[in-house]
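Chemist: no sequence on hand, only this structure:
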């Protein structure tokens, strides 16, 4: 188990084996360790990735597509290291099918879809394919900031110029590998996001990641239909021409719960449907203090890990304390996320500055500010983030696990608050019990 509690001598200790952290509170204050319904993992004794490729959804098999298109070159878009996609579980099988269909090894290109994220490390490149293929297939990373690496393939219905990576687009057959999980703006990750923002240019991402688009009421987490963010991304991916898509679904234990392959949209929608079947969590009561974290791989930096706080807006208010913790070895990892707070002393001031100085890497900051405006008190602990940076972002900082507990209790002000531990809250829709239902 990655997250569990133990009880001894009237004290409850919450264990996080991902971060190797422990938090101890009085037993009478403990209001629960919150998790979802438990999405079952696929049976590892079964070759489920090969089975998914053999029976694609709404599409011919990869080998058949090679023959139909008379393809000689293939590009395979893969996610960056912050996404936690088990790419190498399927990439080797895809290479096998391509080789059997007559594609030469040197004509297979893997491209890491970075969007506006940092470049991949050597270790992350090695995770893309099985060891037997590393160094034998070409690997590159997209660079949204290099206009010479992009080619324009049209304009979206919203008027956004759609530029994509030139090398990937030039290939005869286009494949994408990703993961479906709930996403604050696009509804879900995976599928069409491999293209936009994945391998898109900076001007294309700017055109899509606008503040009005992000704050549009139809731009919603866990929703595809009518979501303008999703619709433009899907349009861009269709313009690019994703011929075959593989989408993973991971459960709470970070094990594979589903693999969906085939048509770009049809297979991705099936993956999203699986996520939604396990997405609803009703808290047993309204907590006074709730401890949150994201686990791997989002705990790599605060830019990603902050979503642990950003999904609780419907269950927190000015009487709530949110205690955030994560390792964040890369720190905040986004100077742009900090910028609005350099010019403000309140959430309202930060948002006003942001609207006047918008750039797309402020997207997570905008959503974070929305959470700050719930009025809840936020206490944050991370070995990788200086306390001064948390304070700059209008949060209280803590220096250790024990200090996080102490400061959360002090901020709450109750002698015996109701305390919940809620790792992986970002995977769920969280609600409070209806009146009369609370235990």
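Modeler: Cool, got the structure. Bear in mind the structure is a predicted one, so any value in this text is a computation, not a measurement. Residues are numbered from 1 along each chain as shown.

Chemist: separation between the closest residue to residue 244 other than its chain neighbours and residue 75?
Modeler: By the measure of Cβ to Cβ, 6 or more residues apart in numbering, the closest residue to residue 244 outside its immediate chain neighbours is residue 175, 4.8 Å from it. Placement of C-beta: from N, CA and C, glycine included. Relative to residue 75, residue 175 is positioned 7 Å away (criterion: Cβ to Cβ, to the nearest Å).

Chemist: check residue 270 too.
Modeler: For residue 270, the distance to residue 75 (Cβ to Cβ) stands at 24 Å.

Chemist: comparing those two, which residue is more hemmed in?
Modeler: Neighbour count, other Cβ atoms under 10 Å: between residue 270 and residue 75, residue 75 has more, with 25 against 19.

Chemist: quickly find the element holding the more buried one.
Modeler: Take DSSP states H and E as the rule and residue 75 turns out to sit in strand 74-79.

Chemist: so who does residue 388 touch?
Modeler: Contact partners of residue 388, counting by Cβ atoms under 8 Å, 6 or more residues apart in numbering, are residue 397.

Chemist: got a pLDDT number for the residue nearest to residue 220 when sequence neighbours are not counted?
Modeler: For residue 220, the nearest residue in space outside its immediate sequence neighbours is residue 227; the separation is 6.2 Å by Cβ to Cβ, 6+ apart. Here, the pLDDT recorded for residue 227 equals 96.

Chemist: also residue 434?
Modeler: At residue 434 the predicted local distance difference test score is 83.

Chemist: which outside residues touch the lowest-mean-pLDDT helix or strand in the chain?
Modeler: Per-element confidence for the chain was summarised using mean pLDDT, DSSP states H and E. The lowest value among helices and strands belongs to helix 211-215, with a mean of 86. Residues from elsewhere that reach helix 211-215, judged by Cβ under 8 Å, 6+ apart: 185, 219, 228-229, 354-355, 358, 362-363, 366-367.

Chemist: same deal with stretch 401-411?
Modeler: Contact partners of stretch 401-411, identified using Cβ under 8 Å, 6+ apart, comprise 21-25, 289, 291, 321, 323, 325, 377, 379-381, 396, 398, 417, 419.

Chemist: what's the answer for stretch 370-383, then?
Modeler: Residues external to stretch 370-383 that are found in contact with it (Cβ under 8 Å, 6+ apart): 302, 305, 309-310, 312-313, 316-329, 347-348, 351, 390, 394-401, 403-404, 407-408, 411-412.

Chemist: and the pLDDT at residue 437?
Modeler: Confidence at residue 437, expressed as pLDDT, is 59.

Chemist: so where do the helices sit in the stretch 251-400 of the chain?
Modeler: Using DSSP state H, counting those that start in this stretch, the helices of the stretch 251-400 of the chain run over 264-277, 302-305, 307-310, 335-342, 347-356, 363-372, 387-392.

Chemist: helices and strands around the third one, which ones?
Modeler: Put plainly, it is helix 307-310. Using 3 or more Cβ pairs under 8 Å, 6 or more residues apart in numbering; DSSP states H and E as the contact criterion, the elements in contact with helix 307-310 are strand 289-293, strand 321-325, helix 363-372.

Chemist: one more: the first one?
Modeler: Counting contacts by 3+ Cβ pairs under 8 Å, 6+ apart, helix 264-277 packs against strand 187-188, helix 228-240, strand 244-250, strand 256-262.

Chemist: need the ones you listed in JSON lines (columns: mean neighbour count and distance to residue 171).
Modeler: Formatted as JSON lines, the helices and strands packed on helix 264-277 follow (neighbours: other Cβ atoms under 10 Å; distance: least, Cβ to Cβ, whole Å):
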{"stretch": "strand 187-188", "mean neighbour count": "26", "distance to residue 171": "26"}
{"stretch": "helix 228-240", "mean neighbour count": "22", "distance to residue 171": "11"}
{"stretch": "strand 244-250", "mean neighbour count": "27", "distance to residue 171": "12"}
{"stretch": "strand 256-262", "mean neighbour count": "22", "distance to residue 171": "19"}
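
Chemist: make TSV out of those and add distance to residue 108.
Modeler: As requested, the helices and strands packed on helix 264-277 are arranged in TSV below (distance: least, Cβ to Cβ, whole Å):
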stretch	distance to residue 108
strand 187-188	27
helix 228-240	18
strand 244-250	13
strand 256-262	17
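
Chemist: so which of these gets nearest residue 124?
Modeler: Ranking these by their distance to residue 124 (criterion: Cβ to Cβ) puts strand 244-250 first, at 16.6 Å.

Chemist: just give the strands next to the closest one in its sheet, each with its orientation.
Modeler: For strand 244-250, the paired strands and their directions (DSSP bridges) read strand 173-179 (parallel), strand 256-262 (antiparallel).

Chemist: mind putting those strands into JSON lines with distance to residue 86?
Modeler: What follows is the strands paired with strand 244-250, written out as JSON lines (distance: least, Cβ to Cβ, whole Å):
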{"stretch": "strand 173-179", "distance to residue 86": "8"}
{"stretch": "strand 256-262", "distance to residue 86": "6"}
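
Chemist: dump those strands into a markdown table; add distance to residue 91 and mean pLDDT as well.
Modeler: Below are the strands paired with strand 244-250 laid out as a markdown table (distance: least, Cβ to Cβ, whole Å; pLDDT from 0 to 100):
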| stretch | distance to residue 91 | mean pLDDT |
| --- | --- | --- |
| strand 173-179 | 7 | 98 |
| strand 256-262 | 12 | 98 |
